[in-house]
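**Student:** this one's structure only:
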């Protein structure tokens, strides 16, 4: 199968008449109750999740807690009780091991950005997002993914992860260039959204200028101008 | 604003985007589900459940056509429903819904209308799997990439399934009216 979509209708020469007749198949109108009941269920779901939202803050701590418990368990089995004299040496060894594990996991996540599979690249971005703030190599990897990944959703996710670094001049300049150069509406929208959320006044001013002078796709321009209007009202 | 952009924002936590996606797609999705389950109440429930699943599974959305992803969720729900209610036959007409054959009888005044009615009867008589691929290919997706994504198979397999379904529809037309089927 070629990558380009094939128009199904044109692929039916032997069934052309039947294909046309199928177009007359009755289409049922959705009842008004469908909309009403959906929004009611959505509201109920949202109320339920709000009730337990206070537990959500515990979720990010779960992996750390599990690792701590396992670490304590291993420590008890492997090392047994330490004498006071050995404690600084052991602490240094643990710190060194921890550093190596962190470096390995960072390299592993960076390597995932180059994976052939788009969902693996997306996972890598999710893994690196929290580290991009203080790590230039990670920010560079994300920038590379944001500007040149072949899949729009991966570019969007990488862009999103770069938000906190947007005021860094190098990152900011590359993102501003991407805004005007990208052929994808989706990516341009993501960039515009990113600048509106994380950009400084100059970046926002340039963005609005680009929207007003029609340098952006019409949908993106509308989005930018509408957001500005909402902010100023 | 594309569906995929709305989905991206939904993933980022803006749940209001779900309303926009619902407003865009619930009408056609309802019609599709109704053709599958032949029961308005169940079709309504499937559509609502499909959109709630979109919200619940938003983090597993990996780009690509949102619509194909949505229809894939809905058809899986329809088949789950079918499995759970094996006794109540998937294709059994709903008592509260007017019988499409009776409803159309009054309209059978011209040859074209008769032919049209026969096509509808043949479509309704097809197995669900054949009917769904025809409906999706005719009304919802104009390329095999998205059709395949909605059916949970490759574009090549979607093409084969659609061609087989069209063949089955032709055979059903022959069976329902051997004299006038291929007018």
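**Tutor:** That came through, no problem. What you are looking at is a predicted structure, and each value in this text was computed from that prediction instead of being measured.

**Student:** where does the prediction get shaky in chain B?
**Tutor:** B:86-111, B:178-183 (pLDDT under 70).

**Student:** grab the most central residue of it for me.
**Tutor:** Nearest to the geometric centre of chain B sits residue B:32, at 3.3 Å (Cα atoms, centre = their mean).

**Student:** what residues does it make contact with?
**Tutor:** Residues in contact with residue B:32 (Cβ atoms under 8 Å, 6 or more residues apart in numbering or on different chains) are B:71, B:74, B:132, B:135-136, B:139-140. C-beta: built from backbone N, CA, C; applies to glycine.

**Student:** can I get the residues you listed in a markdown table with secondary structure and distance to residue A:225?
**Tutor:** Converted to a markdown table, those look like this (DSSP: H, G, I helix; E, B strand; the rest coil; distance: Cβ to Cβ, whole Å):
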| residue | secondary structure | distance to residue A:225 |
| --- | --- | --- |
| B:71 | helix | 34 |
| B:74 | helix | 36 |
| B:132 | helix | 42 |
| B:135 | helix | 40 |
| B:136 | helix | 37 |
| B:139 | helix | 35 |
| B:140 | helix | 33 |
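
**Student:** quick one: which two of the residues you listed are the most distant?
**Tutor:** B:74 and B:139 (13.6 Å; Cβ to Cβ).

**Student:** which of those two has more neighbours?
**Tutor:** residue B:74 (25 against 16; other Cβ atoms under 10 Å in any protein chain shown).

**Student:** what about the closest residue to the more buried one other than its chain neighbours, how many neighbours?
**Tutor:** Distance criterion Cβ to Cβ, 6 or more residues apart in numbering or on different chains; nearest residue to residue B:74, sequence neighbours excluded, is residue B:50 at 4.1 Å. For residue B:50, the tally of surrounding residues (other Cβ under 10 Å) stands at 25.

**Student:** could you say which helix or strand holds residue B:50?
**Tutor:** Using DSSP states H and E, residue B:50 maps to helix B:40-56.

**Student:** what does that helix rub up against?
**Tutor:** Helix B:40-56 is contacted from outside by A:28, A:30-31, A:33-34, A:37-38, A:41-42, A:45, B:10, B:15, B:18, B:21-22, B:26, B:29-30, B:33-34, B:36-37, B:61, B:69-70, B:73-74, B:77-78, B:81, B:94, B:96-97, using Cβ under 8 Å, 6+ apart.

**Student:** buried among the residues you listed? Make that a PyMOL selection.
**Tutor:** This is the PyMOL syntax for the buried subset of these, where burial follows 16 or more other Cβ atoms under 10 Å in any protein chain shown:
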select buried, (chain A and resi 30+34+38+42) or (chain B and resi 10+18+21+22+26+29+30+33+34+36+37+61+69+70+73+74+77+78+81)
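
**Student:** which ones among the contacts of helix B:40-56 map onto helices?
**Tutor:** If you go by DSSP state H, the contacts of helix B:40-56 have A:33-34, A:37-38, A:41-42, A:45, B:10, B:18, B:21-22, B:26, B:29-30, B:33-34, B:36-37, B:69-70, B:73-74, B:77-78, B:81 in helices.
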